[in-house]
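In: with the sequence up front, the predicted model follows.
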Amino acid sequence: MVEGSMTQGAGQGPEVERTATLRDFRVPAYVHEAGPYVHSVHPGEVAPPPDETYPEGYTPTQRDLPVINRGDTVQVTVDPETAAPQSTTGQGPLYVVGDVHGYLDQLVSALQEKGLLDAAGNWCAGTARLWFLGDFTDRGPDGIGVIDLVMRLSAEAAAAGGYCKALMGNHELLLLGAKRFGDTPVNSGAGTATFQAAWLLNGGQKTDMDRLQDHHLQWMSRLDAVEEVDGHLLVHSDTTAYLDYGRSIEEVNDTVRETITRNDADEVWDLFRKFTKRFSFRDEGGADAVRSLLDTYGGTRIVHGHSPIPYLLGEVGSEDDEDNRDPVIEGPHVYAGGLAIAMDGGVTMAGKLLVQQLPLDT
């Protein structure tokens, strides 16, 4: 798919509308305002989910991050940068951001370290291109502050000739569902479930819900699920479930948006459940799973968030471990025969919020 052919959410830069079924909406005025980012009050950190097994027929009302002891992943060490390099061709360098989960301070620091934001928290990277891989809220202290920052940077980057865009993560679907459907029962493979219960179980923050406004909901509901940029297939989750929603990037993104628009609790729950699946690219057959996505949607490598690198490496055990050391994460991980790049540095478990320029030098 040619980059720039998709319609993004509010403030995500000038794009050609792809289908007449999508309706535009106004960008809140504040996203065009310059000035430092607003730091919200942090109500306290949320502990990471405990280590549990990954049962057959998993439903996301259960917390599910097992430890995977792997010896075939590569951890890429990234040297700090002082300024985002600029291209002489008019198209700036490409960056991706892993899961943020409400950690606004860490996000701002990581973007500043890469030269994308100035000391005041404003876009200073010119024509650079920045993609967020989803999961802005839950677990951490200021998810709404993160969304506000991304929306503002989208406008600032577009004005400078670059862009800042974002993908749909499973926690965006979870927050949308909790707001829209609350305690409405939904069909679950493990019995009756509700979005509200799943949201609370998976780190939902009352302060985020209290500050959630219509323009946040509109922005989240219009995020794309898949995109291909410079040979990199960008997704949130390390799952092949995207194949259930279309045979092209455009079809997947349209189907996801249409599902959200229909506002059927069971349909949105099924979408959330599938986006919550993980670990499709690990172990034997992982490379084949990646190839099934690349062959269908394009690209030569897949880049994802969702599954924290510390768990993939086996560096973090259960909360009951006597030797519960903080994970040491220096950069993304390449695995599945070099076809997959994992970007969730485990910021919720004292890991690292990753911002990485692509392509990798490996």
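Out: Thanks, I have it. This one's a predicted model, so the numbers in the text were calculated from it and none came from an experiment.

In: which parts of this structure are helices?
Out: 104-113, 143-159, 170-181, 195-201, 206-211, 214-221, 249-262, 265-275, 286-297, 309-313 (DSSP state H).

In: rank those helices by pLDDT, which is bottom?
Out: Mean pLDDT is lowest for helix 309-313 out of the helices of the chain, coming in at a mean of 85.

In: packing partners for it?
Out: Secondary-structure packing of helix 309-313 (3 or more CB pairs under 8 Å, 6 or more residues apart in numbering; DSSP states H and E): strand 333-335. Backbone N, C-alpha and C define where each C-beta goes, glycine included.

In: low-confidence ranges, the chain, go.
Out: The chain contains residues with pLDDT under 70 at 1-89, 316-325, 362.

In: change it to 80
Out: 1-90, 189-191, 314-327, 362 (pLDDT under 80).

In: could I get the helices of the chain as JSON lines with mean neighbour count?
Out: Listed next are the helices of the chain as JSON lines, based on neighbours: other CB atoms under 10 Å:
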{"stretch": "helix 104-113", "mean neighbour count": "20"}
{"stretch": "helix 143-159", "mean neighbour count": "24"}
{"stretch": "helix 170-181", "mean neighbour count": "24"}
{"stretch": "helix 195-201", "mean neighbour count": "20"}
{"stretch": "helix 206-211", "mean neighbour count": "16"}
{"stretch": "helix 214-221", "mean neighbour count": "19"}
{"stretch": "helix 249-262", "mean neighbour count": "19"}
{"stretch": "helix 265-275", "mean neighbour count": "20"}
{"stretch": "helix 286-297", "mean neighbour count": "18"}
{"stretch": "helix 309-313", "mean neighbour count": "25"}
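
In: using a markdown table, lay out the ones you listed together with distance to G338.
Out: Shown next, in a markdown table, are the helices of the chain (distance: least, CB to CB, whole Å):
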| stretch | distance to G338 |
| --- | --- |
| helix 104-113 | 25 |
| helix 143-159 | 30 |
| helix 170-181 | 26 |
| helix 195-201 | 35 |
| helix 206-211 | 37 |
| helix 214-221 | 33 |
| helix 249-262 | 22 |
| helix 265-275 | 25 |
| helix 286-297 | 8 |
| helix 309-313 | 15 |
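
In: closest to T127 out of those helices?
Out: Nearest to T127, of all the helices of the chain, is helix 143-159, at 8.7 Å by CB to CB.

In: distance from the chain centre to that closest one, please.
Out: Relative to the centre of its chain, helix 143-159 is centred 14 Å away, using CA atoms, centre = their mean, to the nearest Å.

In: and it, what does it pack against?
Out: Using 3+ CB pairs under 8 Å, 6+ apart, helix 143-159 sits against helix 104-113, strand 129-132, strand 163-166, helix 206-211, helix 214-221.

In: strand partners (parallel or antiparallel) of the third one?
Out: Strands adjacent to strand 163-166 in the sheet, as given by DSSP bridges, are strand 129-132 (parallel).

In: for L173, which of the helices and strands packed on helix 143-159 is the nearest?
Out: Using CB to CB, the helices and strands packed on helix 143-159 put helix 214-221 closest to L173, at 8.4 Å.

In: in a markdown table: the helices and strands packed on helix 143-159, plus distance to E156.
Out: A markdown table is the format used below for these (distance: least, CB to CB, whole Å):
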| stretch | distance to E156 |
| --- | --- |
| helix 104-113 | 12 |
| strand 129-132 | 11 |
| strand 163-166 | 8 |
| helix 206-211 | 22 |
| helix 214-221 | 15 |
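
In: among those, which is nearest G298?
Out: Of all those, strand 129-132 comes closest under CB to CB, at 15.6 Å.

In: run through who's touching the closest one.
Out: 91-97, 100, 116, 150, 153, 157, 162-167, 227, 229, 234 (CB atoms under 8 Å, 6 or more residues apart in numbering).

In: buried set for stretch 353-362?
Out: L353, L354, V355, Q356, Q357, L358, L360 (16 or more other CB atoms under 10 Å).

In: my error: substitute stretch 159-172 in the last question.
Out: For stretch 159-172, by 16+ other CB under 10 Å, it's A160, G162, Y163, C164, K165, A166, L167, M168, G169, N170, H171, E172.

In: just the CA trace of that stretch, in CSV.
Out: Taking Å, rounded to 0.1, in the frame of the first residue of the first chain, the C-alpha atoms of stretch 159-172 are listed here in CSV:
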residue,chain,number,x,y,z
ALA,A,159,2.5,21.9,10.0
ALA,A,160,6.2,21.2,9.8
GLY,A,161,5.9,18.9,6.8
GLY,A,162,6.2,15.6,8.8
TYR,A,163,3.6,13.5,10.5
CYS,A,164,2.7,11.8,13.8
LYS,A,165,0.2,8.9,13.4
ALA,A,166,-1.0,6.1,15.6
LEU,A,167,-2.4,2.5,15.4
MET,A,168,-5.3,0.9,17.2
GLY,A,169,-4.2,-1.1,20.2
ASN,A,170,-6.3,-3.6,22.2
HIS,A,171,-6.4,-1.1,25.2
GLU,A,172,-7.9,1.5,22.9
